[in-house]
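structure for this input, please:
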Amino acid sequence: MAEEHEHAVIRTLFLPEQPEAAPQRIYVKGQVVTVLRFEQDLAPLRARLVGGEGRFEPVGVVGRKVVLEPRRDLAPEEGFSLLVTLSDAREVPFLLRPPGRREHGGADQQLNVYEDRDGYEAMASALVDSEKENKTLRAENERFRKEESSEDHALAALLTTGAVAQTPFGVADHFSGTDGDTALDGTVYRGTGKAAVVFKVKNLSARRPWSMSSVRLVGRSDTRERPLAVRSSSAVIEPGTSGVIGLVVDGSAFVDGGTLTSLYLELYRHDGLRQAIVELSPSLLGK
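Next comes the predicted model:
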């Protein structure tokens, strides 16, 4: 069961014991369907949004499920109330929020909602959640362990702090640009058997924080992702402030079928927008 749900964002929620308890959060994303799945004897009679008119597709109640779909992403500061009336006449509130910088995963795809914490289905669903969380934590701990002894991650950390003189890299190219919300200043470095890129990011937004969603390193002729070391000065760049992201690519990433090939480094920000793309030539590997 845990393996079947490995790639889906499925969580377990328990109805609050106290009516005045704060509403539980549901994380939603534009054009992604989120389903609340209730126990059979709590099948919802109706569900309605408060303040979300026009922002969501019509809320559906199908059997014991409530179906949600935002028409577009919610802004970081937005939140809407979902009121679900159950078959026993209780009205249960939920707070709809964007995933933002949520630690594990993006939007919720399915939420299993239970009242009895000791019921078989509730315990089984909670066990799946625990297994997934433990698996994620084990993978993160293993990644951190490897990064602690990684030369490339150490070099990326030095580049991020501006200690270029303590690395084997020399400047090969420089570029800059702005898109209205973000000013980006990039430097490409040449090294012996390695290449590196440093992004200096300034958040020009007056209210929205900036954060890195992901970085991809792919070949010119294929989309196979190559490994790279990444370090950043901060996880979140607040409005009006700046941050630095350092990346180091080992020479082995440039090898494709026994020959050297150019690579593309793609930087994506929190909302999924590709912030930058940089072509890295094998000539950056030096002698």
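
ranges for the strands of the stretch 51-200 of the chain?
Ranges of strands in the stretch 51-200 of the chain, per DSSP state E, counting those that start in this stretch, are 60-62, 65-68, 80-86, 91-97, 110-114, 170-178, 182-190, 194-203.

format the ones you listed as a markdown table; extra columns: mean neighbour count.
Quick note: C-beta positions are derived from backbone N, CA and C, even for glycine. Listed next are the strands of the stretch 51-200 of the chain as a markdown table, based on neighbours: other Cβ atoms under 10 Å:
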| stretch | mean neighbour count |
| --- | --- |
| strand 60-62 | 13 |
| strand 65-68 | 20 |
| strand 80-86 | 19 |
| strand 91-97 | 18 |
| strand 110-114 | 21 |
| strand 170-178 | 12 |
| strand 182-190 | 19 |
| strand 194-203 | 23 |
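
what's next to stretch 225-243, contact-wise?
Outside stretch 225-243, the residues that touch it by Cβ atoms under 8 Å, 6 or more residues apart in numbering are 101, 147, 150, 152-153, 155-157, 159-161, 200-212, 215-219, 244-250, 253, 263, 265.

wait, which of the strands of the stretch 51-200 of the chain is closest to E53?
Closest to E53 of those is strand 80-86 (Cβ to Cβ; 9.5 Å).

can you list the low-confidence ranges for the stretch 151-287 of the chain?
Applying pLDDT under 70 to the stretch 151-287 of the chain picks out residues 287.

how about 80 then?
Along the stretch 151-287 of the chain, the model assigns pLDDT under 80 to residues 221-223, 271-272, 286-287.

T160 reaches V248, doesn't it?
No: using Cβ atoms under 8 Å, T160 and V248 do not qualify as a contacting pair, with a distance of 10.2 Å.

what sits closest to the residue nearest the centre of the chain if chain neighbours are left out?
Centroid-nearest residue in the chain: S213, 5.3 Å away (criterion: Cα atoms, centre = their mean). Excluding its sequence neighbours, the residue lying closest to S213 (Cβ to Cβ, 6 or more residues apart in numbering) is Y268, at 4.4 Å.

who does that neighbour bridge with?
With DSSP bridges applied, Y268 shows beta-bridge pairing to S214, R274.

contacting residues for V215?
By Cβ under 8 Å, 6+ apart, the neighbours of V215 are 228, 230, 247, 265-268.

ok, of these, which one's closest to D185?
Closest to D185 out of the contacts of V215 is L267 (12.6 Å), distances taken as Cβ to Cβ.

hang on, the earlier thing: including neighbour count and secondary structure, could the contacts of V215 go into JSON lines?
Converted to JSON lines, these look like this (neighbours: other Cβ atoms under 10 Å; DSSP: H, G, I helix; E, B strand; the rest coil):
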{"residue": "L228", "neighbour count": "22", "secondary structure": "coil"}
{"residue": "V230", "neighbour count": "19", "secondary structure": "strand"}
{"residue": "L247", "neighbour count": "26", "secondary structure": "strand"}
{"residue": "L265", "neighbour count": "22", "secondary structure": "strand"}
{"residue": "E266", "neighbour count": "15", "secondary structure": "strand"}
{"residue": "L267", "neighbour count": "23", "secondary structure": "strand"}
{"residue": "Y268", "neighbour count": "16", "secondary structure": "strand"}
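
alright, I will stop here.
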